[in-house]
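Peer 1: What follows is a predicted structure for the sequence shown.
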Amino acid sequence: MQRISSAHSQPLYSVAATRQMEQQAAASLPPHTLMQRAGLSVARLSLALAPHAQRIWIACGPGNNGGDGFEAALQLHQWGKAVVVTWTGLPPGKTGLPPDAHASRERGPGRWRAHGHTAATGF
């Protein structure tokens with residue numbers, strides 16, 4: 001891992017390039033692996049930033065970033081942390097989460113799935 005500093009520039013990628021890299025990585029891994037890895041990274045970062053937090057709030061939107069949030073919440077919950085998950089629900093005209101995000105939401109405790117389009121739950 002390289003330390004981030006102003007002494008070294010870091011390349012930035014366009015949205016299209018990032019999506020292409022994600023698709024290539026996902027094609028070489030078992031299903032849902034990228035989202036699980038992203039959630040694990042978010043969970044680790046949250047503990048690094050706030051190691052003594054009594055409760056951790058995670059907002060999950062209707063896309064794959066929301067799925068990353070569900071995975072992070074699940075990791076933190078499994079580590080014994082008090083987690084509050086807020087799911088923003090689906091915007092008008094959208095009929096469901098992307099497949100990976102849906103799978104991540106379903107992996108969580110039943111209270112994540114029991115609420116309608118807006119959920120604010122603690123466990």
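Peer 2: Arrived safely, thanks for sending. All values reported here derive from a predicted model rather than from experimental measurement.
Peer 1: Could you identify the longest helix within this structure?
Peer 2: Longest helix in the chain by number of residues (criterion: DSSP state H): helix 33-49.
Peer 1: Could you export the following helix or strand past that helix as CSV, CA atoms only?
Peer 2: Sequence order places strand 55-60 as the next helix or strand after helix 33-49, per DSSP states H and E. C-alpha atoms of strand 55-60 as CSV (Å, rounded to 0.1, in the frame of the first residue of the first chain):
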residue,chain,number,x,y,z
ARG,A,55,-23.2,3.9,17.5
ILE,A,56,-22.4,4.1,13.8
TRP,A,57,-24.9,5.5,11.3
ILE,A,58,-24.8,4.3,7.7
ALA,A,59,-27.0,5.8,4.9
CYS,A,60,-27.7,3.5,2.0
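Peer 1: What lies in contact with the helix or strand following strand 55-60?
Peer 2: Per DSSP H and E, the first helix or strand lying C-terminal to strand 55-60 is helix 64-78. In this structure, residues lying in contact with helix 64-78 by CB atoms under 8 Å, 6 or more residues apart in numbering are 35-36, 38-40, 42-43, 46-47, 56, 58-61, 83, 85, 87-88, 97-98, 100-105, 107-109, 112, 123. For glycine as for every other residue, the C-beta is placed from the backbone atoms N, C-alpha and C.
Peer 1: Among the residues you listed, name the buried ones.
Peer 2: Among the contacts of helix 64-78, those classed as buried by 16 or more other CB atoms under 10 Å are 35-36, 38-39, 42-43, 46-47, 56, 58, 60-61, 83, 85, 87, 97, 100-101, 103-105, 107-108, 112.
Peer 1: dump the residue contacts of residue 97.
Peer 2: Counting by CB under 8 Å, 6+ apart, residue 97 makes contact with 62-63, 66-67, 90, 105.
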